[in-house]
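**Student:** heads up, no residue letters with this:
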């Protein structure tokens, strides 16, 4: 069974680059990558916060959060 | 041809977790991932700095640097 990975972003240039380079590079045989734009889907901010996301872009994988560079703090998206 | 990706770390817990979760998750069909422990290979600090690495863990992919969370500043490894 594939592992679920969620990539949270907000459409910023840092986010788009991380999405195209890193999120798109995960092994498709092992991961099912969901891309969530928190600017367009603010209803998912709570879930991202609960997972430990502090800033975007970030990827949640196997219960851990990996903040990749820094585009925007989550608080800026509320 | 596979793309080369370099994952720089320093053996810290944050680094080891990022290596096992993220660096190991890249698609092996598309990437040839090299793992560099800068504590054990200080001779590669210059190359990492030139690539734009400021802290570890970080992954250099397609000419861009992705700093993942924060384990240690590069200056702490000199």
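**Tutor:** That came in fine, so what should we check first? Since this is a predicted model, take the numbers as computed values, not measurements.

**Student:** what are the ranges of the helices in chain A?
**Tutor:** A:13-21, A:45-51 (DSSP state H).

**Student:** Please identify the most buried of those.
**Tutor:** Highest mean neighbour count among those (mean count of other C-beta atoms under 10 Å in any protein chain shown): helix A:13-21, with a mean of 17. Every C-beta, even on glycine, is put in place using the N, C-alpha and C of the backbone.

**Student:** now that one: mean pLDDT?
**Tutor:** Computed over helix A:13-21, the mean pLDDT rounds to 93.

**Student:** how about the residues of chain A that lie near chain B?
**Tutor:** A:5, A:17-18, A:21-22, A:25-31, A:59, A:61-62, A:64-69 (C-beta under 8 Å from any C-beta of the partner chain).

**Student:** which of the residues you listed are buried?
**Tutor:** With burial judged by 16 or more other C-beta atoms under 10 Å in any protein chain shown, the buried subset of the residues of chain A next to chain B is A:5, A:17-18, A:21-22, A:25-27, A:31, A:59, A:61, A:65-69.

**Student:** ok, of these, which one's closest to residue B:40?
**Tutor:** Nearest to residue B:40 out of those is residue A:66 (C-beta to C-beta; 23.1 Å).

**Student:** Specify the beta-bridge partners of the closest one.
**Tutor:** Beta-bridge pairing for residue A:66 (DSSP bridges): residue A:59.

**Student:** Which residues are in contact with it?
**Tutor:** A:58-60, B:18, B:21-22, B:68-69 (C-beta atoms under 8 Å, 6 or more residues apart in numbering or on different chains).

**Student:** go again using 10 Å as the cut-off
**Tutor:** Neighbouring residues of residue A:66 by C-beta atoms under 10 Å, 6 or more residues apart in numbering or on different chains: A:5, A:7, A:22, A:52-53, A:57-60, B:14, B:17-18, B:21-22, B:57, B:66, B:68-69.

**Student:** same deal with residue A:38?
**Tutor:** Taking C-beta under 10 Å, 6+ apart, we find residue A:38 in contact with A:8-11, A:15, A:44-45, A:47-48, A:53, A:56-58, A:72, A:74, A:76-78.

**Student:** Can you tell me how far it is from residue A:6?
**Tutor:** 11 Å (C-beta to C-beta, to the nearest Å).

**Student:** Between those two, which contacts overlap?
**Tutor:** Taking C-beta under 10 Å, 6+ apart as the contact criterion, the common neighbours of residue A:38 and residue A:6 are A:44, A:47-48, A:53, A:58.
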